[in-house]
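> Dropping the sequence and predicted coords here.
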Amino acid sequence: LEGHPTARCKFNVAATGSLGQGLGIAVGLALGKRMLMETPSKVYVVMGDGEYAEGSVWESAELAAYLHLDNLILVVDGNTLGQSGPSLHGDNYSAIANKFVAFGWHAAIADGHDYKDLLSIFDEADKEKGKPFVVVAKTIKGFPTAETAHGKAFPQNDVDSVINDMSLYFKNAEAVTLYPYFKMPLPPTLIPKRNAEPVMIDLSTCPEVNSFAKQNLLSTRKAFGIAMVSLASASPYVVGLDGDVKNSTFLEFLLKDHAKQLVECFIAEQNMVSMAVGLDTAGFIPFVATFGCFLSRAFDQIRMAAIGGNALRIAGTHCGVSIGEDGASQMALEDIAMFRTIPNSIVLYPADGVAAYKLVQCMANFTAGISYLRLNRPDTAIIYDLNEEFHVGGCKVLRQSEQDVVCLIGCGVTVFEAVKAADELWKEDQLACCVIDLYSVKPLDTVTLRAKARSCSLGLVVAEDHYEAGGVGEAVAAALASPLPDSVLMPRQQPVPSLASQHAPQPTKAPPRQEDLDETMEQAWVRRLCVRQVPVSGTPHELRRWAGIDCSAIVTAVLQLQQLRYKPE
């Protein structure tokens, strides 16, 4: 057992512990049941009366009413206590019920320790249609015992009396007939049962294939919208969740032929992510899409989804200073750092429409954790052929030669700046440059990066449209700093052993094999070009120049490295 149960406990469908998220997950689960079944099964969720102070609860409550989720039943455990003192409304149970009524719910107040009262109200909830139902249950902490401790086990001396108090209560409780829900056959499904096969899409047969012709201008966010239509056509389990920006993320493309596979969550990002957890639990393939900067307010929900082992697919658009005139508040400049910290996550950053389309398919079939796709606002040229392959952990070497003295690394929009810089350095200074499109930021292609660090005498220059901390430059530098492969340095963690097994003899670890060790590397220089100040408004070109991540900044960085490497003794 865990202090706050996660999905590792078989009785739990989602991670618990960070308050105010259970209702949003239940909204997603209830919606998923309605999408799957002719007569959707009921979804019950229990919430403490302390946590309804969380704003995310009311995001969830409002959308549940908007969606008419009459298969959702919430029980508020009204023991009047928060953790350190009374809850917001204490024993004013009517105030709690009236709030939910104001949000469009049916509400009832019950004795939380009276089975007959509870079952009578659940029966009433089963008959109410068109609205979700909340039961505000009057409870006493620790009932039927005198124990009121929070966050710790009963003292050993009190165990017998606690068990005795509980036994007497249940023995004396009136016999009740429980609902035979668990014996009822499941209702017919509306869509075929999902199989374990990967979801496959083919760009060459996509109706919008002409938009992906070489040198055409196409934003990666628009390519994402096109790919979502292909995925929705390939599987009825693919669902897009929008935060009222579908005209900017191009999730609106789903409205034409797949409107039932698009859920409008409005401007409530925390609930949107929690709903995606619920939909994942119901067996769907959820994609969340909004501006990358707005995902920061849902970071706790994302963190909890990772703890729960949920497979969420998140697309963040309008990233970096390259969005231009909208200004700093709309620029995602912390998002790569945010998602890199999440265990078992992947971070993908395509440079053109072909890469974006192919990487959306990779995300659809990634089930080991959170996947994040970073998308640009501006149109960029198509540089890849339709049949180009992309995979998690890869990169593309766009140009290389035996004469390369420096490796230029770009992601997204800075790939094009790196290519222009390479052309200028060859034309003006006869310096040959390798250029890499590092479309997989996590995990990195460390083999290729280390090889280029060894072969390029001036080292590597990384240009990124992101803040310095936690960005691509840091990731590359960290990959080069480690002399051993990750599999040797940090073996995959094993399940937590039982208390008994901790005292059992442990096998002696064999030393790493010689072939597992990396070759000794000479010092490799990594020059990081990134956004180092809070930006202002301007055109994308002006802002990349201001930030020092454009072609001219890359050229300057290379020439500075040349001077440092070959300065007179």
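Looks like it came in fine. Numbers count the residues shown, from 1 in each chain.
> Give me the average confidence score over the helix or strand hosting residue 423.
Assigned by DSSP states H and E, residue 423 belongs to helix 414-429. Over the span of helix 414-429, the pLDDT mean works out to 97.
> Report all helices and strands that it contacts.
Packing partners of helix 414-429 (3 or more C-beta pairs under 8 Å, 6 or more residues apart in numbering; DSSP states H and E): strand 396-399, strand 406-410, strand 433-437, strand 460-467, helix 551-565. To be clear about C-beta, it is placed using only N, CA and C from the backbone, and glycine gets the same treatment.
> Show me what the longest one is packed up against.
The one in question is helix 551-565. Against helix 551-565 (3+ C-beta pairs under 8 Å, 6+ apart) you get strand 406-410, helix 414-429, strand 460-467, strand 526-531.
> Can you give me the buried ones in the next helix or strand after the last one?
Where DSSP H and E defines the elements, the next helix or strand beyond strand 526-531 is helix 540-547. When burial is assessed from 16 or more other C-beta atoms under 10 Å, helix 540-547 yields the following buried residues: 540, 543, 544, 545, 546, 547.
> thinking again about what came up before, closest one to residue 40 among the helices and strands packed on helix 414-429?
If you check each of those against residue 40 by C-beta to C-beta, strand 460-467 wins as the nearest, at 42.4 Å.
> just checking, what packs against the closest one?
Against strand 460-467 (3+ C-beta pairs under 8 Å, 6+ apart) you get helix 335-340, strand 406-410, helix 414-429, helix 446-455, helix 472-481, strand 526-531, helix 551-565.
> Okay, angle between the last one and strand 526-531 too, please.
Right, the one you point to is helix 551-565. 150 degrees (axes from the mean of the first three to the mean of the last three C-alpha atoms, to 10 degrees).
> For helix 551-565, report the contacting residues that lie outside it.
Applying C-beta atoms under 8 Å, 6 or more residues apart in numbering, the external contacts of helix 551-565 come out as 405-406, 408, 417-418, 420-421, 424-425, 429, 431, 433, 457-459, 461, 463, 525, 527, 529, 545.
> go again using 10 Å as the cut-off
By C-beta atoms under 10 Å, 6 or more residues apart in numbering, the residues outside helix 551-565 that reach it are 405-406, 408-410, 414, 416-425, 428-429, 431, 433, 456-463, 525, 527-529, 541, 544-548.
> For ChimeraX, write the selection for the buried entries among these.
The ChimeraX command for the buried members of the contacts of helix 551-565 (criterion: 16+ other C-beta under 10 Å) is given here:
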select :405,406,408,409,410,414,416,417,418,419,420,421,422,424,425,431,433,456,458,459,460,461,462,463,525,527,528,529,544,545,546,547,548
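> In contact with residue 448, which residues?
Neighbour list for residue 448: 394, 395, 396, 397, 407, 434, 436, 438 [criterion: C-beta under 10 Å, 6+ apart].
> May I ask which of those has the most neighbours?
Of all the contacts of residue 448, the most densely surrounded is residue 407 (28 neighbours; neighbours counted as other C-beta atoms under 10 Å).
> residues in contact with that one?
Residue 407 sits in contact with 397, 400, 418, 422, 433-436, 448-449, 451-453, 455-456, 458-462, 476, 524, 526, where contact means C-beta under 10 Å, 6+ apart.
> Dihedrals phi and psi, the closest residue in space to residue 122 that isn't next to it in sequence?
For residue 122, ignoring the flanking residues on the chain, the nearest one in space by C-beta to C-beta, 6 or more residues apart in numbering is residue 73 at 7.0 Å. The phi and psi values for residue 73, taken as degrees, to the nearest 10, are phi -130, psi 120.
> Which one of the buried residues of helix 540-547 is nearest to residue 84?
residue 547 (44.8 Å).
> give me the beta-bridge partners of the closest residue to the closest one other than its chain neighbours?
Leaving out its chain neighbours, the residue that sits closest to residue 547 by C-beta to C-beta, 6+ apart is residue 531, at 4.6 Å. Partner residues in beta bridges with residue 531, using DSSP bridges, are residue 467.
> Which pLDDT value goes with residue 159?
Value listed for residue 159 in the pLDDT field: 84.
> pLDDT on stretch 248-264, on average?
The average of the pLDDT scores along stretch 248-264 is 97.
> between the helices and strands packed on helix 414-429, which gets nearest to residue 63?
Short answer: strand 460-467, nearest of these by C-beta to C-beta, at 31.6 Å.
> wait, what's in contact with residue 300?
Neighbouring residues of residue 300 by C-beta under 10 Å, 6+ apart: 18, 19, 20, 21, 54, 56, 270, 273, 274.
> Now do the spatially closest residue to the second one that is not a sequence neighbour against residue 117, distance only.
Okay, so that is residue 19. Leaving aside its sequence neighbours, residue 19 sits nearest to residue 51 (C-beta to C-beta, 6+ apart; 3.7 Å). In this view, residue 51 and residue 117 are 23 Å apart by C-beta to C-beta, to the nearest Å.
> the more surrounded of those two?
A direct count of neighbours by other C-beta under 10 Å for residue 51 and residue 117 places residue 51 higher, at 20 against 17.
> what pLDDT does residue 166 get?
We have a pLDDT of 81 for residue 166.
> how would you label it: helix, strand or coil?
Classification of residue 166 using DSSP: H, G, I helix; E, B strand; the rest coil returns helix.
> what stretches of the stretch 151-300 of the chain score poorly on pLDDT?
Along the stretch 151-300 of the chain, segments meeting pLDDT under 70 span 171-187.
> would you list every one of the strands in it?
Listed in chain order, the strands of the stretch 151-300 of the chain (DSSP state E, counting those that start in this stretch) span 217-218, 238-242, 262-264, 285-291.
> Out of those, which one sits most buried?
strand 285-291 (a mean of 28; mean count of other C-beta atoms under 10 Å).
> on that earlier part again, let me know the closest of the buried residues of helix 540-547 to residue 40.
Of all the buried residues of helix 540-547, residue 540 has the smallest distance to residue 40: 46.4 Å, by C-beta to C-beta.
> tell me the contacts of the closest one?
320, 321, 322, 323, 324, 325, 376, 377, 378, 413, 465, 550.
> hmm, 6 Å instead?
When contacts are counted by C-beta atoms under 6 Å, 6 or more residues apart in numbering, residue 540 is found next to 322, 324, 378.
> Quick one, grab the pLDDT at it.
If you check residue 540, the pLDDT there is 97.
> And for the one 5 residues further on?
In this model, residue 545 is scored at 98, pLDDT.
> how close does the closest residue to it other than its chain neighbours get to residue 539?
Spatially, and ignoring its direct neighbours in sequence, residue 545 is nearest to residue 552 (6.8 Å; C-beta to C-beta, 6+ apart). According to C-beta to C-beta, residue 552 and residue 539 sit 15 Å apart.
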